[in-house]
Structure formats: structure tokens, C-alpha cells
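A.B. asks: 3D model of this:
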Amino acid sequence: MHGELEGRYRRLLAAYPSTYRREYEEEMVGVLMAAAEPGSRRPSLRDRADLLAGAVKVRLRNRPGLGGLLRDNDWRRALRVIQIVGTLALLAVPLRRLGLAYTYLGWDRAAFEPLWFLHLVWLVAAVVVIAGRRRVAAGAALAGAAVEIAAVGSRYPDSPSQMLLSAWLVVAAVLVAAASVALVSGEPVLRPRGLGFFGGGLALLAAADIVDHRTGDGYFVGQLSYAVTIDGDFLFRWAVPVFLAAAGLMLIGWWRQGGPVRRRTAVLITPVIAMAALVTYGFAGFRYSSMQFDSPIYLRGFQWAILALTPLLGFAVSVAALNSYERVSHLVRLGREAERAR
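C.D. replies: Residues are numbered from 1 along each chain as shown. As a prediction, the model looks like this:
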């Protein structure tokens, strides 16, 4: 019975890191065995809970954790990229809407949501973010996130499909707000390289979309947004090269950040990409079906859970992939250095 109880304690201690066990396992087993009730064959429920809780604490203490991430220079630089570029992108959205409202028959106020000016909080955020006023930037980003959540949520009662199509805005706004809050503490981070490429790409993207909507709906004679037509079928839009140029500028700006920052920036935008992909493909049937009925069809509980968990899951998977890639790359680099040393 003595050996059986000890074996069970050792299996529980396997939850601790190996380095911790090598140093403290024998001492811990001795203390546990001395404190056990005579004739016991299994650890008590309290001992099990204490050991597992201790294992969690040790593992969290030994990991860099959120504080370690926020002190890591590469992660902080990536957060700075997300903060600036994300703020500019979220500012481009209401400016694009404003442009569309103007180009459609002058001012079509019905096509533009009420209290649209609240979205211009991103203009304030962009100014203070670029100026490096970290606390004010965090406050403005939080206010912008609240506006996006309220605006997107207000569409749900009348049109759940429209709410879904704008869900990525909520994820992007929360991401920018989180990055801004994370950068308040610690050493200031300089503005990223290639900021002009990001700004130029976003400006081209918004302008091309406005022109595309304006010309594509036939307000210009001859459908000037299309270069080639066959039997009335439009095969090519003039705006497509502009969209590609905008994407190219954004990619150049991203590439100029350097490998470690570039990879971390890609990881940080994974939640936005995951949400956009989920709505586009995972909820395509729901959106199509809801448009066929006069009264809106609302989301169910499991669908809300999928919407909430997908960005988090996408982020967790991308972080794990990044850690695995960099660990393997580090081992390969060490192997090559050892070969050269021989």
C-alpha cells in the first residue's frame, strides 16, 4: 500500500515541469507520504487539488506570460504596427462610407447611418497614436471600440446578415484597443518602418472602392468601371488594378518590418482574418437564408459561441504555430553553427 500511494503521488507530480521535479520531487513525496493517513492507498481529494493547483502556478510562473510578451521588443513592435495601421484602417471605413454617401446622388443620408460622426473618434485616435500620446491613444481606441460594437450591434434587430458582415470591424476595433492599452506601459516604441506604404495602400483601397461603387452602378455613361464587355456581361473592372496596387503597397509595408515583427504582426491579425473567413464561408448559408424572408432570422446560442470562439481559437493556433516555427528554426540554426564549428 505504501508503494501504491507513493506511485499515485508521483503520477500527480508529473503535472509539474521536469526541471522542477528534478529539484523538488523527492522532497515533496517525502512530505506527502509523512502527512498521509495511515493505511491510505490513494491521495486525498485535498492533496490532489493542492498538487494540481501548485503545478498550474509553477508553470505560469515559469512562462513569460502576458507580462513577458509585453516586455518582448518584437511583440511590442508588432503591437505598434497593429495600433497604427489598425487605427488608420478603422478611420478609412467611415471616410469611405462618407464618400459613398456623397457620391450617390449628392447626399443620400438614408444610406449613411445616424450619428456617423461618432466613428470619427478614429480620427482623434489616429492623431494621438501617431503623435505617441499613449494614454490618450488608449482612451480613444477604447472609445472607438465601443462605438463599433454599438454600431454593429444596432444592425442585429433588423438585419442579422448586415451585423455578420460587419463583425470583423468589432474584432479589429477590439484588437486595436487591446494593442493601445498594452503599449501604455513600458518603453515607448518607435513608429514602424514603411508607414507611408500602409497609409498609401489604405487610401488607394478606400478611393478605389468608392469609384467602383460609383461607376459600377451605372451613374457614369458607358459603365466606365468595366474595360471589356461581351453581350452585356462585364468581365473586367477598372478598379481591380487599383485594389491590387493597394494590396501591394500594404504588403511592402508589412515586409519592411523584418522577420520577427512580420511574423508577429501576421499572428496578431489572425482573429480578424478568422472572423472574416467564418462569416464569408461558415455563415454563407445563414446569410442567404435570412435574406429570403421578410422577418429577420436570429442567431442561436451555439452560433454566437462559434462567433465568439473562432477569433480566439485562430489566435491561439497561430501563436502555437509561431512558437513551433521559431523553435525549429532555432534548433536548425544551432545545428548549422555546430557543423561549422566542427
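A.B. asks: State the phi and psi torsions of Arg8.
C.D. replies: phi -70, psi -40 (degrees, to the nearest 10).
A.B. asks: That one - nearest residue in space that isn't next to it in sequence?
C.D. replies: Spatially, and ignoring its direct neighbours in sequence, Arg8 is nearest to Pro43 (5.6 Å; C-beta to C-beta, 6 or more residues apart in numbering). The way it works is simple: take the backbone N, C-alpha and C, and place the C-beta from them, glycine included.
A.B. asks: Correct me if wrong, but the one you found is in a helix.
C.D. replies: No: according to DSSP: H, G, I helix; E, B strand; the rest coil, Pro43 belongs to no helix; its state is coil.
A.B. asks: Look up how far Val184 lies from it.
C.D. replies: With distances taken as C-beta to C-beta, to the nearest Å, Pro43 is found 45 Å from Val184.
A.B. asks: out of those two, which sits in the more crowded spot?
C.D. replies: Between Pro43 and Val184, Pro43 has the larger neighbour count (other C-beta atoms under 10 Å), namely 18 against 13.
A.B. asks: ok, that one - contacts?
C.D. replies: Going by C-beta atoms under 8 Å, 6 or more residues apart in numbering, Pro43 touches Leu5, Arg8, Tyr9, Leu12, Leu32, Ala36, Leu51.
A.B. asks: Find the residue closest to the fourth one in space, skipping its chain neighbours.
C.D. replies: Put plainly, it is Leu12. Using C-beta to C-beta, 6+ apart, the closest residue to Leu12 is Leu51 (4.7 Å).
A.B. asks: ok, now the third one?
C.D. replies: Closest residue in space to Tyr9, ignoring its immediate chain neighbours: Leu32 at 5.1 Å, by C-beta to C-beta, 6+ apart.
A.B. asks: Show me where this structure dips below the pLDDT cut-off.
C.D. replies: Along the chain, the parts satisfying pLDDT under 70 run over 1-2, 59-71, 99-117, 210-238, 334, 338, 342.
A.B. asks: Which residue ranges make up each domain of it?
C.D. replies: Here the domain parsing of the chain from automatic domain parsing is 2-63, 66-192+257-271.
A.B. asks: winner for burial among those?
C.D. replies: Mean neighbours per residue, mean count of other C-beta atoms under 10 Å, is largest over those for domain 66-192+257-271, with a mean of 18.
A.B. asks: tell me how far that domain is from the chain's mean position?
C.D. replies: Domain 66-192+257-271 has its C-alpha centroid displaced from the chain centroid by 11 Å (C-alpha atoms, centre = their mean, to the nearest Å).
A.B. asks: How about stretch 328-342?
C.D. replies: Here stretch 328-342 is found 33 Å from its chain centre; the criterion is C-alpha atoms, centre = their mean.
A.B. asks: Gly153 against Pro160, yeah?
C.D. replies: No: using C-beta atoms under 8 Å, Gly153 makes no contact with Pro160, being 10.9 Å away.
A.B. asks: Do you have the strands of the stretch 201-342 of the chain handy? List them.
C.D. replies: Shown for the stretch 201-342 of the chain, the strands assigned by DSSP state E, counting those that start in this stretch span residues 226-230, 233-237.
A.B. asks: And Arg263, how close does it get to Gly201?
C.D. replies: 20 Å.
A.B. asks: Val319 now?
C.D. replies: Distance from Val319 to Gly201, by C-beta to C-beta: 26 Å.
A.B. asks: out of those two, which sits in the busier spot?
C.D. replies: Neighbours per residue (other C-beta under 10 Å) separate Val319 from Gly201, with Gly201 holding more: 25 against 15.
A.B. asks: For that one, give me its contacts.
C.D. replies: Ala246, Ala247, Gly248, Leu249, Met250, Gly253.
A.B. asks: residues in contact with the last one?
C.D. replies: Neighbour list for Gly253: Val85, Pro192, Arg193, Gly194, Leu195, Gly196, Phe197, Phe198, Gly201 [criterion: C-beta under 8 Å, 6+ apart].
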